[in-house]
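Novice: Sequence and computational prediction follow.
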Amino acid sequence: MGQICGAIAWLLLPQYRKLALRNVRIAFGDELSETEMRRIVRRHFRWLGANLLCSVKFTRMPMEKILERVRLENFELVENCFRQKKPFVLLISHIGSWEFCTRLSHFSHGQRTATIYQRIRNRHIDRHVRKARSRFGLEVFERSEGFGKAIELLRSGGGIGILMDQHAGDGGLWTPVFGRLASTTPLPALLARRTRAKLIGFAVHTEGFARWRAVAETPIDGVSESIEKLTACSNEILEKQVRRAPEDWFWVHNRWKTPRPNLLLSRYKRGVFLPEKTRLKPFRILIRSSNWLGDAVMSVPAVRAIKGGRPDAHLTVAVPEKLAPLWKIVSEIDEVIVLPSKSVFVAARLFRQNPPFDAAILFPNSLRSALEVFLAGIPRRVGLTGHWRRWLLNQGPRKTFSRGIVHQTYKYLELATTVGAKVTPQFPAANPIKSRRAQFKFALCPGAEYGPAKRWPRFAEVAEEISARFPVRWILFGTAGDGTVGLEIAKKLGGKCVNRIGQTTLGELIDELSACDLLLTNDTGTMHLAALLRMPTISIFGSTEPLRTG
């Protein structure tokens, strides 16, 4: 009956079916085939249905009848603690028929036993669960009442069981489970350290029809290690238990939940703990780049802050082909996806062809960029909510009213802080110009987008004056549209000038600009690129506001 109910649940609850499959992929995606993982999910629903019904039956059966169906393995480790009055914390997992642990008092030899309990919102279910767990002498301590009673019980030589394999929220320690960072309760470790108790992993595995195997793990000394190390060890025990019978674990729980709003981890109280030689599975973040060179460069500090927000962050930037070389020189970017110039559906399909993204952060404030990630099915979509795209996103910065002009870089940094990034107020200074050289190499960018309003007309005069005072070779850069003004300047400077206007790709511009000592420019994308390369820059602003983009 229970297996039939579980199979029906698999059919009728697609949301939980997808969650279970996502979790199995996180745990075993690099070990098992897709067919094997889907088989685990189907069997999990059947076993879960059967075990839930059997758990109800367990509360009404005498212990002698239960032990006819449950085989105990290494259980003398628990009984020895009771006999010797040594306190212990039982690390219980949602595996198989875990409610068997409520009968722990049967083996207690007169010592107290208890569990720490999180109140259930539904008061009827809450009352039933509390009654079932306390019926056989198990004391129930509610988490919200503090842990004084639990500490007292342990110091008297008793044992406490704690379900430790669920997402622990903002108060947890972020440490790996199957190589993926997950918020883990430090409570068992805290109690063990306070009371010198041992930690004992315990799971009740399904062996067949109405048959189980209860396995106790080797005790861990709660005094010898730090709280962080003990918490990480509890996850290692969980992995070992799950691998025995993957179908048995509670896969329909969102164990690797992405926290909200701070999907980055640098602000959480307990932070991150990585055991030695840990190889983390990536938390994949898609960054949608701006379409203009200057805007893309101004978003780089935000990208760096995002990368530093969690040690498992894998950043993939989606960018128009013309800007791909820019992001390839940003060391924090792990992968670059070149966006097609066709429809948003093609872009969304391209995103889906990659390993699943956990979040997308959009720097452009366009409807198209929001549609791309929405159609790709990326679960967390972060960006500004203007331009009729609010319904496509599920997170954005709070509206603020600034006093005066705010630099565009800080607008992008605000988007990073929205997801939990820590921002340093200082930016790297420009590299110094070497004072003694046989010849300086200065770059000159005389053109600009949007016509003459942003173009300063006296670059040739300034270049001539500088050349008269210093040994300088000028390199002219710009787009094909700047060809006329470039020819005029090249004619005046003669042999002291190399005209590269309209002749460089972005990749070539980066290489050649990096070899220059200084840039003289209008407000252009090249100006921002030089700032990224930490090149000293003299910029002339016309119609644009330097406080916003300078």
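Specialist: Everything's here; your move.
Novice: after the lengthiest strand in the chain comes which helix or strand?
Specialist: Criterion DSSP state E: the longest strand present in the chain is strand 198-208. Of the helices and strands lying after strand 198-208 in sequence (DSSP states H and E), the nearest is strand 211-216.
Novice: distance between whatever helix or strand comes next after that next one and the chain's centre?
Specialist: Next along the chain after strand 211-216, taking DSSP H and E as the criterion, comes strand 220-221. Distance, stretch centre to chain centre, for strand 220-221: 31 Å (C-alpha atoms, centre = their mean, to the nearest Å).
Novice: what's next to strand 220-221, contact-wise?
Specialist: 192, 198-200, 230, 233 (C-beta atoms under 8 Å, 6 or more residues apart in numbering). C-beta: built from backbone N, CA, C; applies to glycine.
Novice: same check, this time on stretch 409-424
Specialist: 259, 261-267, 298-299, 301-303, 305-306, 308-309, 359, 361, 363, 382-384, 395-398, 400.
Novice: Return the residues in contact with N394.
Specialist: So N394 contacts 380-382 (C-beta under 8 Å, 6+ apart).
Novice: Buried subset of those residues as a PyMOL selection?
Specialist: PyMOL command restricting those to the buried ones, with burial defined by 16 or more other C-beta atoms under 10 Å:
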select buried, resi 380+381+382
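Novice: got the contacts of N394 as a markdown table, with pLDDT and distance to L32 columns?
Specialist: Output for those, formatted as a markdown table (pLDDT from 0 to 100; distance: C-beta to C-beta, whole Å):
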| residue | pLDDT | distance to L32 |
| --- | --- | --- |
| R380 | 96 | 26 |
| R381 | 97 | 29 |
| V382 | 96 | 32 |
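Novice: Just send the contacts of N394 back as CSV, with secondary structure and distance to K240 too.
Specialist: Below are those laid out as CSV (DSSP: H, G, I helix; E, B strand; the rest coil; distance: C-beta to C-beta, whole Å):
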residue, secondary structure, distance to K240
R380, strand, 31
R381, strand, 36
V382, strand, 36
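Novice: List the buried residues in stretch 237-245.
Specialist: 237-238, 241-242, 245.
Novice: Tell me the one of those nearest S343?
Specialist: V242 (42.6 Å; C-beta to C-beta).
Novice: wait, isn't that closest one in contact with W249?
Specialist: Yes. Under the criterion of C-beta atoms under 8 Å, V242 makes contact with W249 at 4.7 Å.
Novice: can you give me the mean pLDDT across the longest helix along the chain?
Specialist: The longest helix of the chain (DSSP state H) is helix 34-58. For helix 34-58, mean pLDDT is 87.
Novice: what's the next secondary structure element after that helix?
Specialist: helix 63-67.
Novice: C-alpha coordinates for that next one, PDB please?
Specialist: Only the C-alpha atoms of helix 63-67 are listed here, as PDB (Å, rounded to 0.1, in the frame of the first residue of the first chain):
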ATOM      1  CA  MET A  63       9.400  -3.400  20.700                       C
ATOM      2  CA  GLU A  64       9.800  -7.200  20.500                       C
ATOM      3  CA  LYS A  65       7.800  -7.200  17.200                       C
ATOM      4  CA  ILE A  66       9.700  -4.300  15.800                       C
ATOM      5  CA  LEU A  67      13.100  -6.000  16.500                       C
END
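Novice: buried stuff in that helix?
Specialist: I66.
Novice: Mean confidence (pLDDT) on it, please.
Specialist: 83.
Novice: swap in stretch 471-491?
Specialist: 89.
Novice: List the buried residues in it.
Specialist: 472-479, 482, 485-486, 489-490.
Novice: Straight-line length of it, end to end?
Specialist: Its start and end residues considered, stretch 471-491 measures 18 Å (C-alpha to C-alpha, to the nearest Å).
Novice: mind listing the strands for the stretch 451-550 of the chain?
Specialist: 472-476, 497-499, 518-522, 537-540 (DSSP state E, counting those that start in this stretch).
Novice: Deepest in the core, which of those strands is it.
Specialist: Highest mean neighbour count of the strands of the stretch 451-550 of the chain: strand 518-522, a mean of 22 (counted as mean count of other C-beta atoms under 10 Å).
Novice: Contacts made by it with the rest, please.
Specialist: Counting by C-beta under 8 Å, 6+ apart, 433, 440, 442-448, 454-456, 459, 462-463, 513, 526-527, 530, 535-542 sit against strand 518-522.
Novice: which helices and strands does the longest helix of the chain pack with?
Specialist: Packing partners of helix 34-58 (3 or more C-beta pairs under 8 Å, 6 or more residues apart in numbering; DSSP states H and E): helix 2-12, helix 14-28, strand 198-208.
Novice: Distance to K57 for these - can I get that in TSV?
Specialist: Converted to TSV, those look like this (distance: least, C-beta to C-beta, whole Å):
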stretch	distance to K57
helix 2-12	10
helix 14-28	24
strand 198-208	14
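Novice: right, and the ones you listed - which one's nearest L52?
Specialist: Nearest of the helices and strands packed on helix 34-58 (C-beta to C-beta): helix 2-12, 6.6 Å.
Novice: and that closest one, which residues are buried?
Specialist: Applying 16+ other C-beta under 10 Å to helix 2-12 flags 2-3, 5-6, 9-10 as buried.
Novice: Low-confidence bits of this structure, can you list those?
Specialist: Across the chain, the ranges flagged by pLDDT under 70 are 2, 132-134, 401-402, 425-430, 433-437, 450-454, 543, 547, 550.
Novice: What residue spans form the domains of it?
Specialist: 61-248, 283-418, 440-549 (automatic domain parsing).
Novice: With distance to R25 as added columns, please give these in a markdown table.
Specialist: Shown next, in a markdown table, are the domains of the chain (distance: least, C-beta to C-beta, whole Å):
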| stretch | distance to R25 |
| --- | --- |
| domain 61-248 | 10 |
| domain 283-418 | 8 |
| domain 440-549 | 36 |
